[in-house]
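# build me a model:
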Amino acid sequence: MHSYKAFGLNIFSEIELPELSKAGPTDNCDLVIKYGSVDLSKLSKTPIYRRGTRALFGKGKEGGLILHWPEIASFEAIDGKTLMVSPLTDDPNLLSLFTVSEALGLILFQKGYFLLHASAVKVGDEAWCFMGNPGVGKSTTAAAFIKAGCQLLSDDLTAIGFDQNGVAQIIPSYPQLKIWDNTVNGLSYDRDTLQPVSEGINKFSYQPKKSFDHKPVKLGAIYFLHKAKNRAASKALSPGEIPIETLRNFPLPVQLLKGEALKKHFAQSFKCAVTARLWRKRRPDGFAKLENWISETLSSISEI
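Residues are numbered from 1 along each chain as shown. Coordinates of the predicted model:
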């Protein structure tokens, strides 16, 4: 059994998950990941794709949440405490990749976290979150902030919790940021410090395992990135836009957001707005302009 730390959870896993932070022996286990059978009798299509494979969603007989990736694996999240895995591949890297993505997200959903398809970094004492349509540059923007000295908090799947005063906090995920080859070149990352990943052609991962901090960070800003030149370069979101944008960036099957779950999602989005600044931001065109924007932003923060 392997011991890991991710999303504030102490995890015991029968599956090796090299993306996660290793944890020492502990009696406090929040999640067990183990091999087992998953009932696939009732599944429906989702809009979620990974490595060109479309995920199917269903519910188990005892209320578990199921994700099935054809030729990869089937997963069932049970009570936020157990993740059952039924592999369909012999590739351990693929199995790990799919386990620590949406499958782990099902557990976080059951535990009540507010989830976003986003990347996040620590800027000063705050967490800044970046989201938007595929290809808009969420990970690239995070990578540019990291190059400028900021710390990675999450990539792809971002979990937000709320303290006893209702203040939104990003719960750090695990030390991996996946970036494309052109981002590596454009931001002049040292390839010797990167690892190739199995999620796509010419994609690499930055893994700051020694410096990764698992302490929650107060949410300070959310940027909804876009590339449209016919829209304002930067504009604050109106109250009515906030739940719609967060709904568009929900990382799990939309079938989950019904009834009380949908009401909770909307309520949590407004709680984030109380804590954080929410902006629609045109991502600067080109790596040089992106780095200039970040440099100017960080300089203005240091002067406050």
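# just the pLDDT for G200.
G200 carries a pLDDT score of 51 in this model.
# whoops, I mixed them up, G63
With respect to pLDDT, G63 scores 85.
# ok, now the one 3 residues further on?
Looking at I66, its pLDDT stands at 96.
# same check, this time on R191
pLDDT for R191: 87.
# ditto for I170
On the pLDDT scale, I170 gets 98.
# so who does the closest residue to it other than its chain neighbours touch?
Distances taken as C-beta to C-beta, 6 or more residues apart in numbering place A127 nearest to I170, at 4.0 Å, with adjacent residues excluded. All C-beta atoms are positioned from the backbone trio N, CA, C, and that covers glycine. Counting by C-beta atoms under 8 Å, 6 or more residues apart in numbering, A127 makes contact with A120, V121, L153, Q169, I170, V217, K218, L219, G220.
# mind running it again at 7 Å?
Counting by C-beta atoms under 7 Å, 6 or more residues apart in numbering, A127 touches A120, L153, I170, V217, K218, L219, G220.
# most surrounded residue in these?
Neighbour counts for those (other C-beta atoms under 10 Å) peak at A120, which has 31 neighbours.
# neighbouring strands of the strand or helix carrying it in the sheet, and parallel or not?
Taking DSSP states H and E as the definition, A120 sits inside strand 119-123. When pairing is defined by DSSP bridges, strand 119-123 lines up against strand 126-132 (antiparallel), strand 151-154 (antiparallel).
# after the longest strand along the chain comes which helix or strand?
Criterion DSSP state E: the longest strand present in the chain is strand 217-226. Next in sequence after strand 217-226, counting helices and strands by DSSP H and E, comes strand 234-236.
# helices or strands up against that next one?
Packing contacts for strand 234-236, counted by 3 or more C-beta pairs under 7 Å, 6 or more residues apart in numbering; DSSP states H and E, involve strand 277-282.
# list the buried residues of the strand it packs on.
Within strand 277-282, the residues that qualify as buried are L278, R280, K281, R282, counting by 16 or more other C-beta atoms under 10 Å.
# kindly report the same for stretch 235-243.
Within stretch 235-243, the residues that count as buried by 16+ other C-beta under 10 Å are L237, I242, P243.
# next, find the distance separating the last one from T158.
It stands for P243. 17 Å (C-beta to C-beta, to the nearest Å).
# circling back to that earlier point, now mean pLDDT and distance to Y206 too, for the strands paired with strand 119-123, in a markdown table please.
Formatted as a markdown table, these follow (pLDDT from 0 to 100; distance: least, C-beta to C-beta, whole Å):
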| stretch | mean pLDDT | distance to Y206 |
| --- | --- | --- |
| strand 126-132 | 95 | 15 |
| strand 151-154 | 96 | 7 |
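# mind checking which of these is nearest S21?
strand 151-154 (11.9 Å; C-beta to C-beta).
# list the contacts of that closest one.
Contacts for strand 151-154 (C-beta under 7 Å, 6+ apart): 119-122, 127, 142, 146, 170, 172-173, 175, 177, 208, 211-213, 217.
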